[in-house]
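In: based on what follows, work out the 3D shape:
(chains A and B)
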2 protein chains.
Amino acid sequence: LNSKVSNQLQLKPDERLDDLIRNDLKIIQNPKYFCFSIDAVLLAHFSTIKNGDKVMDIGTGSGVIPLLLSLRPGIKSILGVEIQEQLADMAKRSVLINNLEQQISILNEDVKGLNLAEKFDLILSNPPYRGLHEGKVSPVAEIAMAKHEVAANLDDIVKKASQHLKSSGRLAMVHRPYRLADIIQTFRKYNIEPKRVRMVHPYLEKDANLVLIEGVKGAQAYLKVEPPLVVYNTDGKYTKEVLEFYYGK
Amino acid sequence: LNSKVSNQLQLKPDERLDDLIRNDLKIIQNPKYFCFSIDAVLLAHFSTIKNGDKVMDIGTGSGVIPLLLSLRPGIKSILGVEIQEQLADMAKRSVLINNLEQQISILNEDVKGLNLAEKFDLILSNPPYRGLHEGKVSPVAEIAMAKHEVAANLDDIVKKASQHLKSSGRLAMVHRPYRLADIIQTFRKYNIEPKRVRMVHPYLEKDANLVLIEGVKGAQAYLKVEPPLVVYNTDGKYTKEVLEFYYGK
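Out: Residues are numbered from 1 along each chain as shown, chains lettered A, B, ... in the order given. Next up is the predicted model:
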């Protein structure tokens, strides 16, 4: 770490400073809660970016998606919204460590109460995947809220996203394929038409375990199903595409 | 052709007798209308079959799906419904040529008026893909009805399928991915929950151009996205999986 970074860096107990690998990005994480996963990396690379975009990330956690989006050219601003104070605080310090405070802001607020005057070109979310009755809810609030729909559910997130999108603005989400029918129906409920889908398969011959989906507010129906995104080769190593997400071309 | 087949066979003008390749199945087709495509082959192999199933194929055309299904073990009966008299007649003669009249029946009727006492375990459909405003509608009625939603649309077919399915019965469909959001929404409208999806990509790195989907009447939400079905290898030849659909293992 150079002196500038170490001066700004105040790690709290259990926190650690991890590499985001590309462009020397750093991120503060606390493994007692959770660490970012490939899901966020895939979403940051999947979403369509247009020049001058104003972007919001709903449920930003430790800020991994805003940090990764800063690598994609053309984005004017990124607002990360996070309900949990400790996570929002980590995200704010990660923004400072990376000198990205001109581009990224972190807002510690419950998405369900969100009512901003600003409208966005692109909203992303890597939401909790599980409904309240799907498996045991963690006793650790940070983990529970990240994994189960404790603080906000799919309907809450899509509703608030639609409210904060400009006309023809995009909502990009990573989620579990088993909920795809709900996702499509909820997008449409709030006037967001699914336009692009990409299935993520751990191996080419396995069922998808993630789905990437992008909808456009007020658009006509016409869905593009892009080539499957395969994470591992048969030898268990990352495929070329995934390696490029982590290390660049 | 052996003498039994040739005795039963009465080809009409422009018709020809084609091989369905596996198990010496034959099918009468008329290339002035259309010939069966890989879509039907993929659907016949995709659908879940359980022992003793009573099956209906909506919009059976020249009967290719019932004929192919006869190769899959366990099916008790297959009813093919076709609105067009000439196509239904071809399908009936193909059933006779293959000596499958004990298993397959063909009904020349408009699906929109269908109101059978019998309920089915599995209903399939390879429906017309295009809405009335999508591209030029053929002046040949047989082609128009096969390609555009002239005689029945997605809503009509799913509605009638649901009406004729037993509780927990399955609806399997092949369609274009660009309509997937409509398909999922229409399934749910008629209480058919999407349970299995398989995307069909002409090449691994191309967008999907077909989607296979199976729903279950009255089921809980939980969608399985199966491995991508890739049709061609990079050398332009059928993949091993598709070759097995045509020629067996």
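In: C-alpha only now, for contacts and for neighbours.
Out: OK.
In: what is the least confident helix or strand in chain A?
Out: helix A:3-8 (a mean of 51; mean pLDDT, DSSP states H and E).
In: after that helix, next one along is what?
Out: Where DSSP states H and E defines the elements, the next helix or strand beyond helix A:3-8 is strand A:16-19.
In: buried ones in stretch A:234-242?
Out: A:Tyr238, A:Thr239, A:Val242 (16 or more other C-alpha atoms under 10 Å in any protein chain shown).
In: which parts of chain A sit against chain B?
Out: A:177-182, A:184-185, A:194, A:201, A:204-208, A:221-228 (C-alpha under 8 Å from any C-alpha of the partner chain).
In: same thing but 10 Å
Out: For chain A, the residues in contact with chain B (C-alpha under 10 Å from any C-alpha of the partner chain) are A:176-185, A:187-188, A:193-211, A:221-229.
In: got a PyMOL select line for the buried ones in those residues?
Out: The buried residues among these can be selected in PyMOL (16+ other C-alpha under 10 Å) with this line:
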select buried, chain A and resi 176+177+178+179+180+181+182+183+184+185+187+188+193+194+195+196+197+198+199+200+201+202+203+204+207+208+209+210+211+221+222+223+224+225+226+227+228+229
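In: out of the residues of chain A next to chain B, list just those in strands.
Out: A:193-201, A:210-211, A:224-225, A:229 (DSSP state E).
In: which pair of the residues you listed spans the longest distance?
Out: Largest separation among those by C-alpha to C-alpha: A:Glu193 and A:His201, giving 23.8 Å.
In: state the distance from the closest residue to A:Arg72 other than its chain neighbours to A:Ser77.
Out: Of all residues not flanking A:Arg72 in the chain, A:Ile49 sits nearest, at 7.8 Å (C-alpha to C-alpha, 6 or more residues apart in numbering or on different chains). According to C-alpha to C-alpha, to the nearest Å, A:Ile49 and A:Ser77 sit 12 Å apart.
In: overlap in contacts, the two.
Out: A:Val55, A:Leu69 (C-alpha atoms under 10 Å, 6 or more residues apart in numbering or on different chains).
In: for chain A, which segments count as strands?
Out: Going by DSSP E, chain A shows strands at A:16-19, A:26-29, A:53-58, A:75-82, A:104-108, A:120-125, A:165-175, A:192-201, A:210-217, A:224-225, A:229-230.
In: flag every buried residue along stretch A:212-222.
Out: Neighbour-count burial for stretch A:212-222 [16+ other C-alpha under 10 Å]: A:Leu212, A:Ile213, A:Glu214, A:Gly215, A:Val216, A:Lys217, A:Gly218, A:Ala219, A:Ala221, A:Tyr222.
In: nearest to chain B, of those residues?
Out: In terms of C-alpha to the nearest C-alpha, no member of these lies closer to chain B than A:Tyr222, at 4.9 Å.
In: does the closest one touch B:Glu134 like I think?
Out: No - taking contacts as C-alpha atoms under 10 Å, A:Tyr222 lies outside contact range of B:Glu134: 11.5 Å.
In: and the residue lying closest to A:Pro228 once chain neighbours are set aside, how far from B:Lys50?
Out: Computed as C-alpha to C-alpha, 6+ apart, the closest residue to A:Pro228 that is not its neighbour in sequence is A:Met199, at 5.2 Å. The gap separating A:Met199 from B:Lys50 is 28 Å, by C-alpha to C-alpha.
In: and A:Ile75, by the same measure?
Out: Taking C-alpha to C-alpha, one finds A:Ile75 at 53 Å from B:Lys50.
In: now do the buried residues in stretch A:13-26.
Out: A:Leu20, A:Leu25, A:Lys26.
In: quick revisit: of the buried residues of stretch A:234-242, which is the nearest to chain B?
Out: A:Thr239 (13.3 Å).
In: now for that closest one: which residues touch it?
Out: Applying C-alpha under 10 Å, 6+ apart, the residues contacting A:Thr239 are A:Pro202, A:Tyr203, A:Leu229, A:Val230, A:Val231, A:Tyr232, A:Asn233.
In: what's the answer for A:Ile49, then?
Out: By C-alpha under 10 Å, 6+ apart, the neighbours of A:Ile49 are A:Val55, A:Leu69, A:Arg72, A:Pro73, A:Gly74, A:Ile75, A:Asp121, A:Leu122, A:Arg170.
In: surely the third one meets A:Ala44?
Out: In other words, A:Arg72. Yes - between A:Arg72 and A:Ala44 a contact is recorded at 8.7 Å, counting by C-alpha under 10 Å.
In: distance check, A:Leu96 against A:Leu124.
Out: In terms of C-alpha to C-alpha, A:Leu96 sits 22 Å off from A:Leu124.
In: out of those two, which sits in the busier spot?
Out: More neighbours surround A:Leu124 than the other of A:Leu96 and A:Leu124, with 26 against 15 (other C-alpha atoms under 10 Å in any protein chain shown).
In: isn't the more buried one up against A:Lys160?
Out: No - using C-alpha under 10 Å, A:Leu124 makes no contact with A:Lys160, being 11.5 Å away.
In: quick check: neighbours shared by those two?
Out: Common neighbours of A:Leu124 and A:Lys160 (C-alpha under 10 Å, 6+ apart) are A:Ile58.
In: buried ones from the contacts of A:Ile49, can you make that a PyMOL selection?
Out: To isolate the buried ones among these in PyMOL, judged by 16+ other C-alpha under 10 Å, type:
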select buried, chain A and resi 55+69+75+121+122+170
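In: will you turn the contacts of A:Ile49 into CSV that also has pLDDT?
Out: As requested, those are exported to CSV (pLDDT from 0 to 100):
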residue, pLDDT
A:Val55, 98
A:Leu69, 97
A:Arg72, 93
A:Pro73, 93
A:Gly74, 95
A:Ile75, 98
A:Asp121, 98
A:Leu122, 98
A:Arg170, 98
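In: which one of the contacts of A:Ile49 is nearest to A:Lys147?
Out: Distances from A:Lys147 to the contacts of A:Ile49, taken by C-alpha to C-alpha, are shortest for A:Leu69, at 22.4 Å.
In: and the closest one, what does it touch?
Out: A:Leu69 touches A:Val41, A:Leu43, A:Ala44, A:His45, A:Ser47, A:Ile49, A:Val55, A:Ile75, A:Ser77, A:Ile78, A:Ile104, counting by C-alpha under 10 Å, 6+ apart.
In: widest-spaced pair of those?
Out: A:Val41 and A:Ser77 (18.6 Å).
In: dihedrals phi and psi, A:Gly52?
Out: phi 90, psi 10 (degrees, to the nearest 10).
In: please name the nearest non-neighbouring residue to A:Lys217.
Out: Using C-alpha to C-alpha, 6+ apart, the closest residue to A:Lys217 is A:Ile192 (4.2 Å).
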